[in-house]
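**Q** Sequence first, then the predicted structure:
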Amino acid sequence: MDEIVSLTTYHIILSFYILNVPNKGKLIISFVGYITKTVDPTNNMVITLDEDSKMLGEVEITAEFGMKRVARSVGSSAQNVKAADIINSGRDNFITALQGRVSGINITSSGGTPGSSTTVTLRSLTSISGNNQPLYVIDGIPMNNSTFDPGTFADAGANFSTRNLDFSSRGNDFNPEDIESLTVLKGAAAAALYGSDASNGAIIITTKKGRPGKGRVSYSNSFSFSNAYGYPDMQNKYSQGAYGTTNYYYTARYGGLYPKDTKFYDNVGAVLRTGFSQQHNASVEAGSDKATIRAGISFLDEKGIVKLTDYKRMNLTLSGQSQITDWLKFEGSMQYTSTKNNKALRGTDGPLYLAMRWPIIDDMSNYMNPDGSHMRYPNLYTDTDLLNPLFGMHKNKLYDESDRILAYGAITITPTKHTFIRAQAGWDLGMQTFETSMHPYYSAANGGVGKYNMAKANFNDPTLNFLAGYNNTFFKNKLTFNAQVGYHQIEDGNSQLSTYGSKFQVIDFQSINNCDAATITSSKISTKRRIQAISTQAEFGWDNMAFLTLRARNDWSSTLPVNNRHYFYPAAEFAFIMTELPFLKNNQYVNYLKLRGSIAQVGKDASPLSIDPELQTTGLTGGGYMYGYSGPNKDLKPEMTTSWEAGFEGRFWKDRVVTDFTYFHTHCANQIVNGFRLSYATGFVLNNMNVGTFNTWGWEGHIDVDIINHEATKFRWNVGLNMSHTNSKVVYLPPNVSEYYNAYTWNSGNIRNGIMVGNPVTTLTGLAYTRNSKGQKLINATTGLPYVNSAWSVIGDREPLLRFGITTAVEFQNFRLSAMFAGRYHATVVNGTKRSMMSSGTSWESVRLRERGPVVFNGVLKDGNEETSNPTPNNISVSYADYGSSIYSGYDEDWLEKNVNYLRMQELRLSYTAPQKFLKNVFNGFISNAVVYVSGNDLFTWTNYSGIDAVGNTISAAAGGTGGEGYDVWSIPNPRVFSFGVSLTF
Amino acid sequence: MIKALSVLLLLINMGCNNYLDVNKNIDAPDYVDGYLYLAGIQQEYQGMYWDGMATTGLSQMFGTTSGYANFTSNYYNEGSDTGGEIWRVAFWLQGMNLENMINESVAAKNYTLAGIGYAMKAYTWDKLTKEYCDAPMKEAFQSNRLSFDYDYQSEIYKQVRSWAVTAINYLQMADSTNYGTKISANDYIYGGDKTKWTKFAYGVIVSNLASLSNKSNFTTAYADSLILCASKSFTSNDDNATLSVAGGSASSAYSSYNNYWGIYRGNVGYSYFQHDYAVQVMTGTVFDYDQATGNRIPNDQDNKYYPYYLAAKQIICDTLKTTGHYDPRMAVKLSTTDDATYANINNADSVKAYKYYGGSFGSAAGPIGTAPSLYGSTATTYDVTKVGPGRWLFRDNAPYILMTCAELKFDLAEAYWKKGDKDNALAAFKDGVTADLAFTAKYLTPGTANSTNIGDKISTSLFNKLAAEYVAGPYVGGITSDNLTLSNIMMQKWVALYPWGALEAWTDMRKYFYDISYSDNYPYLNNGWDINTVSQKWDTDASKVYKGFYLSPAQVAGRKGTYNTKNHGSPCFRIRPRYNSEYMWNLPALKGLLPIAGTAENYQCSIPWFAYPGDLPTSINN
């Protein structure tokens, strides 16, 4: 063997010369990690070895800026996900497909409608107000994963926010079919390579570049049907009105009994439908050992379960690589993506909530007035404030489209045997249009004026990387050494032009040109963030057994004050392969055991324009300028995150058990908190300051067992389990800051994401019951109602005790049955859905409450004896009749469900691979590979949770910070999906 | 290799600073010339009207059914920012914008603009301290500070006058700049008139000192300064500080182009209405109470409009409609549903016959009848396209009133009166009444017969005729140096401040301790009030300033309520600092305040320095 030409997880191309093979001799080709093949030697033969899945980890390689690294030397946790698993997951985007497959990853989708945003965290949160998502690196180039914030429309948040409108994350644009390999680098160690944007971890993707050998044409498709499930029943016993009196002026249902034979309508069902989606992928690839090329195209057309929602995506990819001379190699790729998405509003502006409020004696699906233009109000309903969601869905517009190009080119020069120079330029360019239009009649009493928003948002992110490296071995190959220095340049350019108008001239026409000129306002915002960085890295290896990697990086960022703009951050990694020790080598039961550890520090800059926020026009007579909510801060410093981790990975019992485990600890200091509230004496309402410090820690583990592996019958059953646990604690906030909260999570009662010293960053705060020192609820001695605190305090923690995923696959001859489950153990969920159904009397539970008769709240009277040894137990009964038009709107603590356990069958797939012989006989080699499959997604959920969605997510990924996971406020969870399709290779 | 690398790094670093210099906002400035802040700073005085929703209740000008009803019962809204608007204006909306404008102007020797800036700063902080009393002043606006210590009102009062003096000095200095129209086009108060700004700055000092008139050292320490400054301040309504707005109602680009109390912004609707006390004072119908029971005394005539006996001595006017007895301001300042078609607004008999009803604290229903809205009807919402922009000061295009000649003349009258200079006091008093009559007429927008547009229910010519008769009549012209009382001055001032100057009116009422009956030199628990009732002077008590005025838990009919228990029986003496600024984020600084800690449940009852006769005590019996 003289040279490795290309090395990926899927195939290794070795070119070598073997002379003087004896006649009729056999050639045995073996390579670690691949199944050994025995062949008859011929001239210029190409042999492809198949991956040996049992051996993963031994040769696992991570691609760093397109360069490879042997997994055994890596001192931090890195987990590979097979491209096939992503493609077979049945998900239309690769991000969602990772849930349950990687330990310590948490993926929250903002909902089950097409084109929802996704929020990904690895291990734990690292920022209380900023970005917590990992960096996506495609062939060494950072990929833009932004999510449009509807609060930045020119109506300045007047109509939409991250609560009620959600646009797709740009990461969902990426075509899963283009993935060759995907590695998840958890923890801060990745940042020393990719910079501070990777301080939340990194997802490293290498794309397919085409394979040498016989040219291939591949085609695959997928057809899916989806339907919604798990929505609560509406009670149909009591009609609208205040307690006991039917009165259709009220939306609440506390009136008298519905007359016998009343016809009821499923109005929630009326906004839903059976979704249908189809996807077609085709690719061609060809090449020699000198050059390969690949082109692929994919179409996705998805109609969501909420009526009129859809998502269309087209991906077009061209990529290739070429060994141009002995010392120069070129590779490159270009991907174009086009998406179009029609959406529905969310939460309490969304169709489910509005349908819940619609009288069930009225057919909501009949949404037009007889005059054919106005929104129809329900029969009997005398108030005119109800909105018909179907009218809205048909007559409003919530739309976005995007065109995007992600491209890169790289050259690698190897001037000498031991050195290389790599230069890489990448460009991620996107042009997006976001549009909303609210119909004039979609308003109380059909009395609106029409509102139109459009935003054109472009991003332009060019990247440059220069790397120079040296590697060699010493002491009779015992010591391996490689070193690398790099220069990196990153730019995030954003420009957005937004316009807003109202008062539609033509009622049914959606355009800014149709708005009253006096109402039109426009705004433009452009930001640019630039980073220059120098990185260096040295790896020492001893006898393939012990590895030490030292790294350092220094960044200069444009977003910080000039004096504080550069920051240095070091990292060290250590790996030790126990099974290389003489007494463990070739042990039958312990096949591979690696101990590893790393420590890393990462600096992080601010977001653009944090130092000097712009002045705003006043909107008052005379105009001029004034400060907005946030003030300048000329002294911002970079924030610093220090983290360490330790763990092991191993294979046991003839490689049938594969496992790894990591414990991590992260210290996030000097957090730049945006929108930090202090006394107005600062001159401002909100401030950008270095104020927060918190720690997170936890563990993640993975075990994968071949329970049955019977070679002869080709019967194999494999089970894998991922688990993780994280915890966090806020160490410091300024003493006068009792709570830092994200106002957009303030969505159900007074519950919100509140961050308080000594508590986790995932804490829920709210107005708790007032209790005595024994913890008993205090009850008003006159009314019999509980007292509630006027100040916010800790009432729960959203972080579950455990997150886990289970994968299993059974292979028998040409059949493969696989399943994947994801779950949580002991989570706390805000059941805002239940709260609104209870206070409006639409749930059966509210009926039971009403019929239960007077109730005595559990607690003690606040009569002066509450702190004595003999507090007076509450004996005052409260009648629900006293409440009039609401039965029980309750208190914050009532709407937290604690110890929620949940297990969802995310995937179930049965595939059949046609036997080669059959293909040869029938298609005469025209089709070389054929797979047919049927699959299901999100088929079942087992949970003790009583609302719609135990995961919940009340805000879009655009909100950042600690996110909206754990809030179920009329969520639309992922629907049940049935799919089938074929995959053919010609 | 290493050498080559370090050269490379050096080159990169040299290039760095230009390459990285992209953190500039190219869509909006982060810095503008001083004059571009000016209009915005001034227009934020709309916040005075916003907090007027609280102070009109505290001064018994308005009652309300809105969320501000707590203020009418001398309490506050827990966990809420209501009543915190001036705080927001002083620290944020004007805040650093005003600081920037002043600092840039001083640096550039643009002394006129610097002077205007200081004059406004003095005015804002004068109002701030009158509303909230103590506040962070010295540490305010210091960058990178996380907590802000409070300064006591005694310090803030001094600083307010010092800023006003700084303003006067700058306004006298020669500018190095030719402003062109930069100031005149952006100054919505005086259009860049330096003389008027100078008078304004003096006026701030007058108003500031006037609130100290009940301190034991007023005549020796403050009265002469007040009289001197008043002589350099407003001489006519032309000098009044009023802030003009673009108006435009529905066709305005931004709703805030319209007056806060106008129809279009919908802030008032029918949830605010004239209080019964305002009707009693301005129509001369202050009741006579049975001092044994506190009840009103029914008269035996079957007159539903005057069902009770009225106090023999009325201060503003009486119910006689003979020449000179009728104060035409009632037809403007108060609202009535009479003459809904504006058919007879030029007919004196018709106008004089209007009936006025005031509401109670939390309901439009009053002791005699139901109060209409400020617009003169009982509609709950108004469609500006049908009824127009409103009337008088309750109009989309009405200017905001900041300070008037009448107000300062009454301040002067009070100072002379305290000094015992009754002749000058009387002259100033008459100037004040005359000025307020002219002020009232200035914003008259009479309705048009049979028009649906809301308007005032008296023609300007009739108003002026009746005003002249009133000035010559018994309640103004008939008063002599000998029988001029403090009640005449303070109640005429109260009427002049109605309702735009509610904060000043409330300040006056607080400095006279709401006419509570107490011994010692200030009222406290069980000396003026107990946990259930405030004992108030009877109108027959010569020392009672505000005749007919009773707090809600007083001994008379319609007032026999109780305060929230957290008040410990005390009326409210200050509005709490803005909740989401101070109670959420600066709590430790509030803890140390005296005499009642800012964190105490009755902090709103902590007596302010301006009202306390001497130096503030460190503790108080409460």
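**A** The structure has been received and is ready for your questions.

**Q** Low-confidence stretches in chain B?
**A** Counting by pLDDT under 70, the ranges of chain B that qualify are B:1-17, B:621-622.

**Q** Where does it get nearest to chain A, residue-wise?
**A** residue B:39 (2.8 Å; C-beta to the nearest C-beta). Any C-beta I mention is one placed from the backbone N, CA and C, and that applies to glycine too.

**Q** just checking, that residue touches residue A:622?
**A** Yes - taking C-beta atoms under 8 Å as the definition, residue B:39 is a contact partner of residue A:622 at 2.8 Å.

**Q** Show me the common contact partners of these two, please.
**A** Common neighbours of residue B:39 and residue A:622 (criterion: C-beta atoms under 8 Å, 6 or more residues apart in numbering or on different chains): B:186, B:188.

**Q** Spatially nearest residue to residue B:168, not counting backbone neighbours?
**A** Excluding the flanking residues, the one nearest residue B:168 by C-beta to C-beta, 6 or more residues apart in numbering or on different chains is residue B:201, at 4.9 Å.

**Q** would the one you found count as being in a helix?
**A** Yes - counting by DSSP: H, G, I helix; E, B strand; the rest coil, residue B:201 falls inside a helix.

**Q** quick revisit: can you classify the residue of chain B closest to chain A as helix, strand or coil?
**A** Secondary structure of residue B:39, per three-state DSSP, is helix.

**Q** Quick one: residues contacting it.
**A** A:618, A:620-624, B:186-188 are the contacts of residue B:39 under C-beta under 8 Å, 6+ apart.

**Q** if you set the cut-off to 6 Å instead, what comes out?
**A** A:622, A:624, B:186, B:188 (C-beta atoms under 6 Å, 6 or more residues apart in numbering or on different chains).

**Q** again with residue B:244
**A** B:188, B:399.

**Q** Mind doing that once more with 10 Å?
**A** A:621-622, B:42-43, B:188-189, B:191, B:259, B:397-400 (C-beta atoms under 10 Å, 6 or more residues apart in numbering or on different chains).

**Q** In a markdown table: those, plus neighbour count and secondary structure.
**A** Below are the contacts of residue B:244 laid out as a markdown table (neighbours: other C-beta atoms under 10 Å in any protein chain shown; DSSP: H, G, I helix; E, B strand; the rest coil):
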| residue | neighbour count | secondary structure |
| --- | --- | --- |
| A:621 | 25 | coil |
| A:622 | 21 | coil |
| B:42 | 26 | helix |
| B:43 | 26 | helix |
| B:188 | 22 | coil |
| B:189 | 26 | coil |
| B:191 | 13 | coil |
| B:259 | 27 | coil |
| B:397 | 19 | coil |
| B:398 | 24 | coil |
| B:399 | 20 | coil |
| B:400 | 24 | strand |
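
**Q** Closest one of the contacts of residue B:39 to residue A:203?
**A** Residue A:203 lies nearest to residue A:624 out of the contacts of residue B:39, by C-beta to C-beta, at 47.1 Å.

**Q** ok so, going back, the residue nearest to residue B:168: neighbour count?
**A** 29 (other C-beta atoms under 10 Å in any protein chain shown).

**Q** residue contacts, it?
**A** B:115-116, B:118-120, B:122-123, B:161, B:163-171, B:229, B:232-233.

**Q** And these, which of them are buried?
**A** Buried members of the contacts of residue B:201, scored by 16 or more other C-beta atoms under 10 Å in any protein chain shown, are B:115-116, B:118-120, B:122-123, B:161, B:163-168, B:170-171, B:229, B:233.

**Q** ok, back up a step: between all of the contacts of residue B:39, which two are at the greatest distance?
**A** Taking C-beta to C-beta, no two of the contacts of residue B:39 sit farther apart than A:624 and B:188, at 10.4 Å.

**Q** From residue B:283, how far out is residue B:354?
**A** Using C-beta to C-beta, to the nearest Å, residue B:354 is found at 9 Å from residue B:283.

**Q** what's the overlap in contacts for these two?
**A** With C-beta under 10 Å, 6+ apart as the test, residue B:354 and residue B:283 both reach B:330, B:334.

**Q** Looking only at neighbour counts, state which of the two leads.
**A** More crowded of residue B:354 and residue B:283, by other C-beta under 10 Å: residue B:283, with 24 against 20.

**Q** Please verify my assumption that the more buried one contacts residue B:353.
**A** No - with contact defined as C-beta atoms under 10 Å, residue B:283 does not reach residue B:353; the gap is 11.8 Å.

**Q** if I look at these two, which residues touch both of them?
**A** Joint contacts of residue B:283 and residue B:353 (C-beta under 10 Å, 6+ apart) are residue B:305.

**Q** which residues in the stretch 301-450 of chain A form helices?
**A** Listed in chain order, the helices of the stretch 301-450 of chain A (DSSP state H, counting those that start in this stretch) span A:351-357, A:389-395.

**Q** what residues are up against residue B:30?
**A** A:609, A:611-615, A:625, A:627, A:632, B:24.

**Q** Could you check which residue of the stretch 1-150 of chain A lies nearest chain B?
**A** residue A:129 (15.7 Å).
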